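Chemist: I would like to see how this sequence folds:
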Amino acid sequence: MPRHTVATGIFLLMCAVPAAQSHTPGYPDVIPLPDGFGPEGIAVGNGATFYAGAALGSMPGLLGQILVGDLRTGAFFQLVAPTGRPALGMKFDSRSKLLFVAGGPSGSATVYDGTSGAQVAFYQFGAPSPTGPPTTFINDVIVTRDAAYFTDSVAPVLYRVELGHRGEPSATFDVVPLPPVVFGAPGSCAEVCLTSPSLRLYSRPFPSSRLAQRLPSEAIRVP
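Modeler: Just a heads-up that it's a prediction; the model follows:
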(Lines give C-alpha, C1' and ligand atoms only; values in the text may rest on other atoms or scores of the structure.)
Protein backbone atom coordinates (compact mmCIF):
# COMPACT_ATOMS: atom_id res chain seq x y z
CA MET A 1 0.00 0.00 0.00
CA PRO A 2 2.70 2.57 0.82
CA ARG A 3 4.28 1.81 -2.54
CA HIS A 4 1.08 2.87 -4.33
CA THR A 5 0.90 6.08 -2.33
CA VAL A 6 4.44 7.12 -3.31
CA ALA A 7 3.82 6.39 -6.99
CA THR A 8 0.67 8.52 -6.96
CA GLY A 9 2.53 11.42 -5.38
CA ILE A 10 5.20 11.36 -8.09
CA PHE A 11 2.56 11.30 -10.83
CA LEU A 12 0.81 14.36 -9.39
CA LEU A 13 4.12 16.22 -9.12
CA MET A 14 4.98 15.50 -12.75
CA CYS A 15 1.56 16.74 -13.89
CA ALA A 16 1.87 19.94 -11.88
CA VAL A 17 5.02 21.16 -13.66
CA PRO A 18 3.43 21.87 -17.09
CA ALA A 19 0.45 23.52 -15.37
CA ALA A 20 2.78 26.03 -13.70
CA GLN A 21 4.58 26.74 -16.97
CA SER A 22 1.33 27.38 -18.85
CA HIS A 23 1.04 30.82 -17.21
CA THR A 24 4.10 32.15 -19.09
CA PRO A 25 3.04 35.24 -21.12
CA GLY A 26 2.79 34.52 -24.85
CA TYR A 27 3.47 36.56 -27.95
CA PRO A 28 0.61 38.60 -29.44
CA ASP A 29 -1.27 36.87 -32.26
CA VAL A 30 -1.58 40.08 -34.27
CA ILE A 31 0.58 43.21 -34.37
CA PRO A 32 -1.42 46.05 -36.01
CA LEU A 33 0.69 48.31 -38.22
CA PRO A 34 -0.12 51.91 -39.25
CA ASP A 35 -2.90 52.60 -41.77
CA GLY A 36 -1.57 52.66 -45.31
CA PHE A 37 1.50 50.62 -44.42
CA GLY A 38 1.53 47.56 -46.72
CA PRO A 39 4.27 45.20 -45.53
CA GLU A 40 5.66 42.29 -47.54
CA GLY A 41 9.09 41.36 -46.24
CA ILE A 42 9.81 40.78 -42.57
CA ALA A 43 13.11 40.02 -40.89
CA VAL A 44 13.93 38.91 -37.37
CA GLY A 45 16.86 40.59 -35.66
CA ASN A 46 18.52 39.88 -32.34
CA GLY A 47 16.23 38.52 -29.66
CA ALA A 48 12.58 39.39 -30.31
CA THR A 49 13.34 42.29 -32.65
CA PHE A 50 11.53 42.37 -35.99
CA TYR A 51 11.74 44.59 -39.07
CA ALA A 52 8.96 45.25 -41.60
CA GLY A 53 9.08 47.36 -44.75
CA ALA A 54 6.45 49.31 -46.68
CA ALA A 55 6.08 47.58 -50.06
CA LEU A 56 4.05 48.22 -53.22
CA GLY A 57 0.70 47.95 -51.44
CA SER A 58 1.50 50.94 -49.24
CA MET A 59 0.38 54.52 -49.63
CA PRO A 60 2.83 56.35 -51.94
CA GLY A 61 4.03 58.56 -49.11
CA LEU A 62 5.07 55.52 -47.06
CA LEU A 63 7.03 53.55 -49.68
CA GLY A 64 10.33 52.33 -48.29
CA GLN A 65 9.55 53.09 -44.68
CA ILE A 66 10.96 50.45 -42.33
CA LEU A 67 9.58 49.78 -38.88
CA VAL A 68 11.42 48.02 -36.07
CA GLY A 69 9.55 46.44 -33.21
CA ASP A 70 9.36 43.85 -30.46
CA LEU A 71 7.55 40.57 -31.19
CA ARG A 72 6.84 40.09 -27.48
CA THR A 73 5.05 43.39 -26.87
CA GLY A 74 3.97 44.45 -30.36
CA ALA A 75 5.52 47.89 -29.84
CA PHE A 76 7.34 49.42 -32.83
CA PHE A 77 8.78 52.67 -34.16
CA GLN A 78 10.18 54.04 -37.39
CA LEU A 79 13.73 52.94 -38.17
CA VAL A 80 13.97 54.29 -41.74
CA ALA A 81 11.89 57.16 -43.11
CA PRO A 82 10.04 56.63 -46.43
CA THR A 83 12.43 56.60 -49.40
CA GLY A 84 9.98 56.35 -52.31
CA ARG A 85 11.43 52.92 -53.14
CA PRO A 86 9.46 49.83 -52.04
CA ALA A 87 11.03 47.75 -49.29
CA LEU A 88 10.43 44.09 -50.19
CA GLY A 89 12.50 41.10 -49.09
CA MET A 90 14.87 41.79 -46.21
CA LYS A 91 17.40 39.95 -44.10
CA PHE A 92 19.25 40.84 -40.89
CA ASP A 93 22.90 39.84 -40.40
CA SER A 94 23.59 39.33 -36.70
CA ARG A 95 27.36 39.69 -37.19
CA SER A 96 27.24 43.25 -38.46
CA LYS A 97 23.74 44.17 -37.22
CA LEU A 98 22.97 45.30 -40.77
CA LEU A 99 19.63 45.03 -42.57
CA PHE A 100 19.69 44.15 -46.29
CA VAL A 101 16.60 45.32 -48.21
CA ALA A 102 15.45 44.57 -51.77
CA GLY A 103 13.94 47.50 -53.68
CA GLY A 104 11.51 45.87 -56.14
CA PRO A 105 10.94 47.76 -59.43
CA SER A 106 13.42 50.47 -58.41
CA GLY A 107 16.14 47.98 -59.42
CA SER A 108 18.05 48.78 -56.26
CA ALA A 109 19.00 47.42 -52.86
CA THR A 110 19.92 49.20 -49.66
CA VAL A 111 21.83 48.18 -46.55
CA TYR A 112 20.88 49.89 -43.30
CA ASP A 113 22.29 49.92 -39.80
CA GLY A 114 19.78 47.76 -37.93
CA THR A 115 20.09 49.91 -34.80
CA SER A 116 20.23 53.50 -36.04
CA GLY A 117 18.60 53.16 -39.47
CA ALA A 118 21.52 54.93 -41.14
CA GLN A 119 22.18 53.96 -44.76
CA VAL A 120 25.39 51.94 -45.01
CA ALA A 121 25.37 50.98 -48.70
CA PHE A 122 23.24 51.44 -51.80
CA TYR A 123 23.32 49.41 -55.04
CA GLN A 124 21.63 50.21 -58.35
CA PHE A 125 21.47 46.79 -59.99
CA GLY A 126 19.24 47.64 -62.95
CA ALA A 127 17.67 50.67 -64.59
CA PRO A 128 13.97 50.99 -63.66
CA SER A 129 11.39 51.51 -66.39
CA PRO A 130 9.62 54.90 -66.12
CA THR A 131 6.62 53.55 -68.10
CA GLY A 132 5.38 50.14 -69.17
CA PRO A 133 6.30 46.74 -67.73
CA PRO A 134 9.14 46.65 -65.19
CA THR A 135 12.61 45.94 -66.56
CA THR A 136 13.90 44.91 -63.15
CA PHE A 137 12.30 43.71 -59.92
CA ILE A 138 14.63 43.09 -56.98
CA ASN A 139 12.45 40.72 -55.02
CA ASP A 140 14.36 39.01 -52.23
CA VAL A 141 17.72 38.61 -50.52
CA ILE A 142 19.60 35.95 -48.60
CA VAL A 143 22.69 36.60 -46.48
CA THR A 144 25.41 33.96 -46.13
CA ARG A 145 28.79 34.05 -44.42
CA ASP A 146 30.53 35.38 -47.54
CA ALA A 147 27.94 37.34 -49.53
CA ALA A 148 24.42 38.73 -49.85
CA TYR A 149 22.47 37.49 -52.89
CA PHE A 150 19.59 39.48 -54.38
CA THR A 151 17.06 37.97 -56.80
CA ASP A 152 15.49 39.69 -59.82
CA SER A 153 12.05 38.48 -60.95
CA VAL A 154 12.47 40.01 -64.42
CA ALA A 155 16.12 39.27 -65.28
CA PRO A 156 17.72 35.78 -65.16
CA VAL A 157 20.49 36.81 -62.76
CA LEU A 158 21.48 37.02 -59.12
CA TYR A 159 23.27 40.05 -57.75
CA ARG A 160 26.08 39.14 -55.36
CA VAL A 161 27.45 41.60 -52.79
CA GLU A 162 30.59 40.28 -51.14
CA LEU A 163 30.80 40.49 -47.35
CA GLY A 164 33.88 40.88 -45.19
CA HIS A 165 34.73 38.60 -42.29
CA ARG A 166 32.64 40.81 -39.98
CA GLY A 167 29.77 41.03 -42.46
CA GLU A 168 30.67 44.44 -43.88
CA PRO A 169 29.34 44.82 -47.47
CA SER A 170 31.61 45.70 -50.37
CA ALA A 171 31.04 48.84 -52.42
CA THR A 172 30.53 46.85 -55.64
CA PHE A 173 28.51 43.83 -56.75
CA ASP A 174 28.81 40.92 -59.16
CA VAL A 175 26.19 39.64 -61.60
CA VAL A 176 25.63 35.86 -61.52
CA PRO A 177 23.78 34.62 -64.65
CA LEU A 178 21.09 31.96 -64.18
CA PRO A 179 20.61 29.22 -66.81
CA PRO A 180 17.22 28.51 -68.50
CA VAL A 181 16.54 25.58 -66.14
CA VAL A 182 16.17 28.15 -63.35
CA PHE A 183 14.44 31.05 -65.07
CA GLY A 184 12.62 29.55 -68.05
CA ALA A 185 12.42 30.70 -71.66
CA PRO A 186 13.77 34.11 -72.75
CA GLY A 187 11.35 36.91 -71.93
CA SER A 188 9.69 35.05 -69.06
CA CYS A 189 9.55 36.15 -65.43
CA ALA A 190 10.19 34.02 -62.38
CA GLU A 191 10.39 34.23 -58.63
CA VAL A 192 13.74 32.79 -57.62
CA CYS A 193 14.07 31.91 -53.95
CA LEU A 194 17.26 31.10 -52.09
CA THR A 195 17.60 29.22 -48.83
CA SER A 196 20.58 29.45 -46.52
CA PRO A 197 23.14 28.14 -45.76
CA SER A 198 23.28 25.67 -48.66
CA LEU A 199 21.95 28.19 -51.24
CA ARG A 200 19.31 25.86 -52.61
CA LEU A 201 17.34 27.41 -55.45
CA TYR A 202 13.56 27.39 -55.89
CA SER A 203 11.73 28.85 -58.87
CA ARG A 204 8.18 29.43 -60.12
CA PRO A 205 6.58 31.56 -62.87
CA PHE A 206 5.88 35.17 -61.88
CA PRO A 207 3.21 36.14 -61.16
CA SER A 208 1.72 32.79 -60.15
CA SER A 209 0.03 31.04 -57.27
CA ARG A 210 1.93 27.82 -57.96
CA LEU A 211 4.24 26.48 -55.31
CA ALA A 212 7.90 27.08 -56.00
CA GLN A 213 9.75 24.04 -57.30
CA ARG A 214 13.09 23.07 -55.84
CA LEU A 215 15.76 22.90 -58.51
CA PRO A 216 18.29 20.06 -58.59
CA SER A 217 21.63 20.90 -57.00
CA GLU A 218 23.42 20.32 -60.30
CA ALA A 219 21.21 22.87 -62.10
CA ILE A 220 23.13 25.89 -60.87
CA ARG A 221 26.21 26.53 -58.79
CA VAL A 222 26.25 29.87 -57.02
CA PRO A 223 29.74 31.21 -56.26
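
Chemist: Backbone dihedrals for residue 119, please?
Modeler: For residue 119, the backbone dihedrals (degrees, to the nearest 10) come out as phi -70, psi 130.

Chemist: got a list of what it touches?
Modeler: By CB atoms under 8 Å, 6 or more residues apart in numbering, the contact set of residue 119 is 110, 111, 112, 113. The C-beta positions use only the backbone N, C-alpha and C, and glycine is treated the same way.

Chemist: now do residue 42
Modeler: With contacts taken as CB under 8 Å, 6+ apart, residue 42 has the following neighbours: 50, 51, 52, 90.

Chemist: Can you tell me the element the first one falls in?
Modeler: Yep, that's residue 50 we're talking about. For residue 50, the enclosing helix or strand under DSSP states H and E is strand 49-54.

Chemist: Tell me the first helix or strand C-terminal of that strand.
Modeler: Using DSSP H and E, the helix or strand that directly follows strand 49-54 along the chain is strand 66-70.

Chemist: After that next one, which helix or strand is next?
Modeler: strand 76-80.

Chemist: Work out the sheet partners of that following strand and label each with its direction, please.
Modeler: Strand 76-80 has its sheet partners listed here by DSSP bridges as strand 66-70 (antiparallel).

Chemist: The partner strand to strand 49-54, inter-axis angle?
Modeler: 150 degrees (axes from the mean of the first three to the mean of the last three CA atoms, to 10 degrees).

Chemist: one step back: please convert the contacts of residue 42 to TSV, extending it with distance to residue 29.
Modeler: Listed next are these as TSV, based on distance: CB to CB, whole Å:
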residue	distance to residue 29
50	14
51	19
52	16
90	23
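
Chemist: top of these by neighbour count?
Modeler: residue 51 (25 neighbours; other CB atoms under 10 Å).

Chemist: quick one: contacts for that residue?
Modeler: Applying CB under 8 Å, 6+ apart, the residues contacting residue 51 are 42, 43, 44, 45, 66, 67, 68, 79, 90, 92, 99, 114.

Chemist: out of those, which are buried?
Modeler: Among these, those buried by neighbour count (16 or more other CB atoms under 10 Å) are 43, 45, 66, 67, 68, 79, 90, 92, 99, 114.

Chemist: name the element the first one belongs to?
Modeler: Which is residue 43. Under the criterion DSSP H and E, the helix or strand holding residue 43 is strand 39-44.

Chemist: Which stretches in this protein count as helices?
Modeler: Listed in chain order, the helices of the chain (DSSP state H) span residues 2-21, 180-183.

Chemist: Worst mean pLDDT among those?
Modeler: Summarising mean pLDDT across the helices of the chain, the least confident stretch is helix 2-21, with a mean of 43.
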